[in-house]
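From the sequence below, what's the structure:
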Amino acid sequence: MCGIAGYFQRIPNTNATQQLETMKTSLKHRGPDDWGSFVTNNCGLCHTRLSIRDLSGGRQPMTRTFHGRTATIVYNGEIYNLQELKYRLLPFSIRFEGHSDTEVILYCYLVFGAKIFSELNGIFAFAIYEDNRLLLCRDHIGVKPLFYWNQKEEFVFASEIKGIFSYGVTPKIDQNSWCEIIGLGPAHTPGNGVFQGINEVLPGHYLLISSEGFEDHCYWRLKSLQHTESYEETISHCSFLIEDSIKRQMVSDIPICTFLSGGLDSSLVTAIVAKEFGETPLTTFSFDFVDNQKNFKANPYQCSMDRPFVDLMKDYVNSKHHYLECDSKTQLDCLYRTVDARDMPCMADVEASMLYFCSIVAKECKVTLTGECADEIFGGYPWFHKKDLLEKNTFPWSFDLPARTALFQKDFIKSLPLEEYISLQYHQSMDQCPLLESDSSTETKRRKMSWLNIRWFMMTLLNRMDRCSMYSGLEARVPYADYRILEYVFNIPWEYKCYRGQTKSLIVECGKKYLPKEILYRKKSPYPKTYDPGYELLLGKMLLDELHSNASLQMILDSSKVEQFVSAPKDYGKPWFGQLMAGPQLLAYLLQIGYWMRKYHLSV
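Below is the predicted model of the structure:
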């Protein structure tokens, strides 16, 4: 994994070498092992490298020539079907200088052009400069980020928004920015970079930038197809795809580990990796909070603690396990750092603790496999199962707008078209969902729910995982987010996905030869959060201090309401976003908004 950035001047008029160096410096956390630059009269590319494959031969930017054509690439990601792609290149007598996937992608482009992008199995974002044109491409699902700023005379891009600002672009926000932050956040509209003028390359898309203009091309999209396999055939097919994806994603020239929560998804990933390791113990990590065994309170969204199930699994696979814990002060310290990592308010302490845990894991391993994305793809969340949530005419994970706006100034909220903006983004997304005429009305609702989760909720968690891990130079892989799995499972009928009432029955069936029954049938429990009342008190004081010293925050928050809310007990059981973000997380999110405004000198 790496960081990439660069610029393209349609009318060459400045020497931007210094800006390129500043961009590179801003992204060094994504690639602390090596860095490099490429400059022509109108284009500059830079790269910061986290060395995972071909440690000596994979330096970037990388330039190669084929049949008189010369192109240069900067690339962030991993390709998992490398051998198949190399086989495709065999007839062309290409002499590789190393064994990196970067070189294979570049030659594939030179030989086959952009049509090869749909065949890349992996997580990636890359830029290729050739013949006075710049091409930007992002992976099928959008695991790896790629932002851009497009103006008449120049185009700027980077793995993270901070890279664009480092070029000299001034951070600005507008009314739509506030609708994203308050109405939809921490989720965001696909392609929307929240800041004014900042966009993100859409998953499955590539851009072409030249002196003539700007083109956006879609090379892959989900399709609705008739599912013709029996339940037994579907189990076999799913099992193959899951196992194949996990095994492919184990590729690395350095040691790998897994995140192990004791839940079904991460346990299956861990068990398959451990089996491939054979007699060599796999390194695993679990996350929790200091004194959570004493403070934990079960609720409908989080009914059990992870520790007993982690204990069971680490012994079951005989892993070299590390129990990581985060205390309240550390989590508070990381709340601002997550804004630094994400460049905007994010999933509050849910993200802050992940940032901390990743920084610890990175000291021992640079590559980890996670269980992320299984719930979105296989239908694990409550809104897939509860009729009232399934039939919400809005985003089911954030339908309580009054809870989001309760502590803001009334006049400020009235000035924003929040309800209209949310409704517009929701219905535009739903209109893009591919449907089958043969589906029943109920099956159509399930398909739309899957589509919505893949486009929105899954992207929020993927963004969290990428920024939290890459902030410390850790590569987090997501085997369930293999686009082959997504294509196949999207078209499986709900009666198979929830066979005889068993949530995620297809993963359960796949796991029967790998996991004990206690893990297979454990009721879903999301990523842990702290239940320490002391954290809540410290958080409240921190928000009040920020509010009293931050004039911009005073313009949007109602001080008296905030003070009253801070002094009242918080509700841990009714989330305003997802399953985890309740009262304390609202305070943390507002705190992040204040810091964000201060950091980027943003005015209302």
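
what's the single longest strand in the protein?
strand 69-79 (DSSP state E).

Give me the helices and strands touching that one, please.
Applying 3 or more C-beta pairs under 8 Å, 6 or more residues apart in numbering; DSSP states H and E, we find strand 69-79 packed against strand 2-9, strand 43-49, strand 62-66, helix 101-112, strand 122-130. In short, each C-beta sits where N, CA and C put it, glycine included.

same for the first one, what does it pack against?
In this structure, strand 2-9 packs against helix 17-26, strand 43-49, strand 69-79, strand 122-130, strand 154-158, helix 161-167, with contacts taken as 3+ C-beta pairs under 8 Å, 6+ apart.

what do you get for the second one?
Packed against strand 43-49 by the contact rule (3+ C-beta pairs under 8 Å, 6+ apart) you find strand 2-9, helix 17-26, strand 34-39, strand 69-79, strand 122-130.

Distance from the chain centre to the lowest-mean-pLDDT helix or strand in the chain, please.
Using mean pLDDT, DSSP states H and E, the weakest-scoring helix or strand in the chain turns out to be helix 292-295, at a mean of 81. Computed by C-alpha atoms, centre = their mean, to the nearest Å, the separation of helix 292-295 from the middle of its chain amounts to 29 Å.

Going forward, count from 816.
Understood, numbering begins at 816; the last thing we discussed is helix 1107-1110.

what's downstream of that helix, the next helix or strand?
Counting by DSSP states H and E, the next helix or strand C-terminal to helix 1107-1110 is helix 1122-1131.

mind listing what's buried in that next one?
Within helix 1122-1131, the residues that count as buried by 16 or more other C-beta atoms under 10 Å are 1122, 1124-1125, 1127-1129, 1131.

Let me see the residues that make contact with that helix.
Residues outside helix 1122-1131 that contact it (C-beta atoms under 8 Å, 6 or more residues apart in numbering): 1075-1078, 1082, 1085-1086, 1099, 1101, 1103, 1108, 1134, 1136, 1138, 1330-1331, 1333-1334, 1337.

Please apply the same query to stretch 1389-1399.
1000-1002, 1116-1117, 1162-1165, 1196-1197, 1212-1213, 1215, 1218-1219, 1272, 1341-1342, 1344, 1350-1351, 1354, 1380, 1385-1388, 1400-1401, 1404.

do stretch 846-860 as well
Identification of contacts with stretch 846-860 by C-beta under 8 Å, 6+ apart yields 816-825, 827, 831-832, 834-836, 839, 843, 861-866, 874-876, 878, 887, 889, 942, 944, 947, 949, 1026, 1288.

are any of the residues you listed buried, and which?
Counted by 16+ other C-beta under 10 Å, the contacts of stretch 846-860 give 816-825, 831, 834-835, 839, 861-866, 874-876, 887, 889, 942, 944, 949, 1288 as buried.

From residue 938, how far off is the residue sitting nearest the centre point of the chain?
Centroid-nearest residue in the chain: residue 1277, 1.6 Å away (criterion: C-alpha atoms, centre = their mean). Residue 1277 is 9 Å from residue 938, where distance means C-beta to C-beta, to the nearest Å.

what does residue 1232 give?
Counting by C-beta to C-beta, the gap from residue 1232 to residue 938 is 36 Å.

Same question for residue 950.
Going from residue 950 to residue 938 by C-beta to C-beta gives 18 Å.

between the two, who's got more neighbours?
Of the pair residue 950 and residue 938, residue 938 is the one with more neighbours under other C-beta atoms under 10 Å, namely 28 against 22.

what about the closest residue to that one other than its chain neighbours, neighbour count?
Once flanking residues are discounted, residue 938 sits nearest to residue 958: 3.8 Å by C-beta to C-beta, 6 or more residues apart in numbering. Counted by other C-beta under 10 Å, the residues lying close to residue 958 total 27.

Now, the contacts of helix 1122-1131 that are in strands?
Among these, the ones falling in strands (DSSP E) are 1099, 1101, 1103, 1136, 1138.

Rounded mean pLDDT for stretch 1363-1370, please.
The average pLDDT within stretch 1363-1370 is 95.

Figure out the length between the terminal residues of it.
This stretch, stretch 1363-1370, spans 11 Å end to end (C-alpha to C-alpha, to the nearest Å).

I'd like to check what contacts that stretch. Which residues are they?
1224, 1227, 1361-1362, 1405, 1408-1409, 1412-1413, 1417-1419.

Show me where the stretch 966-1115 of the chain has its helices.
976-982, 990-993, 1046-1063, 1079-1092, 1107-1110 (DSSP state H, counting those that start in this stretch).

Among these, which comes closest to residue 1260?
Nearest of the helices of the stretch 966-1115 of the chain to residue 1260, taken as C-beta to C-beta: helix 1046-1063 at 20.6 Å.

Could you figure out how far the closest one is turned away from strand 937-945?
Note on geometry: by axes from the mean of the first three to the mean of the last three C-alpha atoms, to 10 degrees, helix 1046-1063 and strand 937-945 are set 60 degrees apart in direction.

Next, the buried residues of helix 1046-1063.
So for helix 1046-1063, counting by 16+ other C-beta under 10 Å, buried means 1049-1050, 1053-1054, 1056-1061, 1063.

State the mean pLDDT of that helix.
Averaged across helix 1046-1063, pLDDT comes to 98.

ok now stretch 1154-1171, how far from the chain's centre?
12 Å.

and the end-to-end length of it?
End-to-end distance (C-alpha to C-alpha), stretch 1154-1171: 13 Å.

before we move on, the earlier item: only whichever of the contacts of stretch 1389-1399 are buried, select them in PyMOL.
To isolate the buried ones among the contacts of stretch 1389-1399 in PyMOL, judged by 16+ other C-beta under 10 Å, type:
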select buried, resi 1000+1001+1002+1116+1117+1162+1163+1164+1165+1196+1197+1212+1213+1218+1219+1272+1341+1342+1344+1350+1351+1354+1380+1385+1387+1400+1401+1404
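
where does the stretch 1066-1215 of the chain dip in pLDDT?
1114-1116 (pLDDT under 70).

Next: the stretch 866-1015 of the chain.
Across the stretch 866-1015 of the chain, the ranges flagged by pLDDT under 70 are 866-872.

Make TSV out of the helices and strands packed on strand 817-824 and add distance to residue 1325.
Formatted as TSV, these follow (distance: least, C-beta to C-beta, whole Å):
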stretch	distance to residue 1325
helix 832-841	41
strand 858-864	35
strand 884-894	23
strand 937-945	22
strand 969-973	38
helix 976-982	38
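
Please identify the helix or strand for residue 1291.
strand 1290-1292.

What helices and strands are in contact with that strand?
Short answer (3+ C-beta pairs under 8 Å, 6+ apart): strand 1290-1292 packs on strand 1182-1184, helix 1273-1285.

The ones you listed: which one's closest to residue 899?
Among the helices and strands packed on strand 1290-1292, the nearest to residue 899 by C-beta to C-beta is strand 1182-1184 (20.8 Å).

contact partners of the next helix or strand after the closest one?
Remark: after strand 1182-1184, the chain's next helix or strand is helix 1189-1193, criterion DSSP H and E. The contact list for helix 1189-1193 (C-beta under 8 Å, 6+ apart) reads 1079-1080, 1195-1196, 1265, 1268-1269, 1272-1273, 1276, 1295-1296, 1300-1301, 1304-1305, 1312, 1319, 1321-1322, 1339.

circling back: the longest strand of the chain: which residues count as buried?
For strand 884-894, by 16+ other C-beta under 10 Å, it's 886-894.
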